[in-house]
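[1] Take a look and give me a structure for this.
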Amino acid sequence: MTRITYTASDCAEQAGYAIGANCLDEILVGHTQADTLIQLTKALTALQALDNPRATDGFAVALVSVIEQGLHHA
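    Below is the predicted model:
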């Protein structure tokens, strides 16, 4: 059995994805543009704190998949 090894970049990407997914969840239940802006600002601040380029990859994956689904149903 081989042991699975995760690099710091792998973990950063997973964290970025989680930040993006949580941000989208909060945006979808928000009621105003101000709520959306607050959630997006919080997410981007958290993403910046990770200080790893792969975190932005994970964040983008979370957002793009939802945007693509919305475009297909528009």
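
[2] By residue count, which helix of this structure is the longest?
    Longest helix in the chain by number of residues (criterion: DSSP state H): helix 8-29.

[3] Mind listing residues that contact it?
    35-36, 39-40, 42-43, 46-47, 50, 52, 54-63, 66 (C-beta atoms under 8 Å, 6 or more residues apart in numbering). All C-beta spots, glycine's among them, are computed from the backbone N, C-alpha and C.

[4] what number of residues lie near Thr5?
    By other C-beta atoms under 10 Å, the residues close to Thr5 number 6.

[5] got the phi/psi numbers for Gln32?
    I think there's a mix-up here, since residue 32 is Thr and not Gln. When quoted as degrees, to the nearest 10, the phi and psi of Thr32 stand at phi -130, psi 170.

[6] report the angle between the axes of the lowest-mean-pLDDT helix or strand in the chain and helix 8-29?
    When each helix and strand of the chain is scored by mean pLDDT, DSSP states H and E, helix 53-72 comes last, with a mean of 90. Helix 53-72 runs at 40 degrees relative to helix 8-29, counting by axes from the mean of the first three to the mean of the last three C-alpha atoms, to 10 degrees.

[7] can you give me how far helix 53-72 is from the chain middle?
    Centroid displacement of helix 53-72 relative to its chain, using C-alpha atoms, centre = their mean, to the nearest Å, is 7 Å.

[8] just stretch 40-55 next, same as before
    9 Å.

[9] got a pLDDT number for the residue nearest to the spatial centre of the chain?
    Using C-alpha atoms, centre = their mean, the residue of the chain that lies closest to the mean C-alpha position is Gly20, 1.6 Å off. On pLDDT, Gly20 comes in at 96.

[10] how near is it to Thr32?
    In this view, Gly20 and Thr32 are 21 Å apart by C-beta to C-beta, to the nearest Å.

[11] Then Leu63?
    Taking C-beta to C-beta as the measure, Leu63 falls 20 Å from Thr32.

[12] what do you get for Ala18?
    25 Å.

[13] Of those two, which one has the most company?
    More crowded of Ala18 and Thr32, by other C-beta under 10 Å: Ala18, with 15 against 8.
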